[in-house]
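**Student:** model this:
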Amino acid sequence: MAPLLEVRDFHYYYGHIHSVKGINLRVEEGEMVTIIGANGAGKTTTLQTISGLTEARGIRGKILFDGKEIQGLKGHVITSRGMVQCLEGRHVFSKLTVAENLRAGAYRRKDAKGIKDDLDYVYALFPRLLERETQLAGTLSGGEQQMLAMGRALMGKPKLMLLDEPSLGIAPIVVRDIFRSLKEINQKGITILFVEQNSKIALETANRGYVMQVGEIVAEGTSKELMSDETVKKAYLGG
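**Tutor:** You can find the predicted model right below:
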């Protein structure tokens, strides 16, 4: 069977700047895959291009989702096919309540019972959101906003969930909770691709990983393989 997501010989150009240089990656249905690397490696550009948030004219190569080419499609079209992204910095609707944010994630859906069931699931996964359901999202902590962004994405009933730096700006004790929840979401059957600078927790959480450096994939393998690789350990794991 074809992967749920496949990126083939993908290049991205900001004008004359060649920011992503011929990468190949795949995500099988049911997997959780991470892309690690330093700032400026091209991780965010890769993720945003997959989800349709970059200029189509900068793209070279193919991106296939669920067996169909999607490179160059608008973000809302890609979302309608079952791919949802949690952006870096959360981007919750700050002047809406927690409950209103979550319901906004289900705006394309018509199945009232399914929406209610998924809302119950999100509140069970993130009890703090239930405690704060009438609170304005802009008054939440960074960790709570990340939970809300993830919950809102789940309300869209995605086949594939993309996350950009889920640990960014969050207290270390809350980061563990966020990644524990990611594992639970994946075990529920949702495929996940995320980029993360905290390489240790990323590889502890994901099944497989890719290492990006200056726009190129320089290593790939199972999380166990990458955590045992001396070059990866020295450069990204403090070993």
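**Student:** With adjacent residues omitted, what lies nearest to the one residue sitting closest to the centre of the chain?
**Tutor:** Closest residue to the average C-alpha location of the chain: Leu163 at 1.8 Å, with Cα atoms, centre = their mean. Leaving aside its sequence neighbours, Leu163 sits nearest to Phe194 (Cβ to Cβ, 6 or more residues apart in numbering; 3.9 Å). C-beta here means a position set from N, CA and C on the backbone, and glycine is covered the same way.
**Student:** ranges for the strands of this protein?
**Tutor:** 5-14, 17-27, 32-36, 59-65, 68-69, 83-86, 160-164, 191-196, 208-213, 216-222 (DSSP state E).
**Student:** avg pLDDT for the fifth one?
**Tutor:** Taken as a whole, strand 68-69 carries a mean pLDDT of 97.
**Student:** So what are the sheet partners of that strand and their directions?
**Tutor:** strand 59-65 (antiparallel) (DSSP bridges).
**Student:** as a whole number, average confidence for the partner strand?
**Tutor:** 97.
**Student:** try stretch 225-232
**Tutor:** Throughout stretch 225-232, pLDDT has a mean value of 95.
**Student:** just use 405 as the starting number from now, easier for me
**Tutor:** Sounds good: first residue 405 from here, last item stretch 629-636.
**Student:** From one end of it to the other, what's the distance?
**Tutor:** 10 Å (Cα to Cα, to the nearest Å).
**Student:** Reformat the strands of the chain as TSV; add distance to Arg513.
**Tutor:** Shown next, in TSV, are those (distance: least, Cβ to Cβ, whole Å):
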stretch	distance to Arg513
strand 409-418	22
strand 421-431	24
strand 436-440	24
strand 463-469	19
strand 472-473	21
strand 487-490	12
strand 564-568	16
strand 595-600	19
strand 612-617	31
strand 620-626	35
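**Student:** how far away is Glu535 from Asp515?
**Tutor:** 26 Å (Cβ to Cβ, to the nearest Å).
**Student:** just checking, Val437 touches Leu607?
**Tutor:** No - look at Val437 against Leu607 with Cβ atoms under 8 Å: they stay out of range, at 10.8 Å.
**Student:** any residues in contact with both of these two?
**Tutor:** Residues touching both Val437 and Leu607 by Cβ atoms under 8 Å, 6 or more residues apart in numbering: Gly613.
**Student:** thinking again about what came up before, with respect to His480, which of the strands of the chain lies nearest?
**Tutor:** Closest to His480 of these, according to Cβ to Cβ: strand 487-490, at 11.0 Å.
**Student:** Which elements pack onto that closest one?
**Tutor:** helix 447-454, helix 546-558, strand 564-568 (3 or more Cβ pairs under 8 Å, 6 or more residues apart in numbering; DSSP states H and E).
**Student:** Could you check which of Val437 and Leu607 has the larger neighbour count?
**Tutor:** Leu607 (25 against 22; other Cβ atoms under 10 Å).
**Student:** got a list of what the closest residue to that one other than its chain neighbours touches?
**Tutor:** In this structure, Leu607 finds its nearest non-sequential neighbour in Ser627, 4.3 Å apart by Cβ to Cβ, 6+ apart. When contacts are counted by Cβ under 8 Å, 6+ apart, Ser627 touches 438, 607-613.
**Student:** List the buried residues in the lengthiest helix in the chain.
**Tutor:** As assigned by DSSP state H, the longest helix anywhere in the chain is helix 576-591. Using 16 or more other Cβ atoms under 10 Å as the test for burial, helix 576-591 gives 578-579, 581-583, 585-586, 589-590.
**Student:** Many thanks, I have nothing further to ask.
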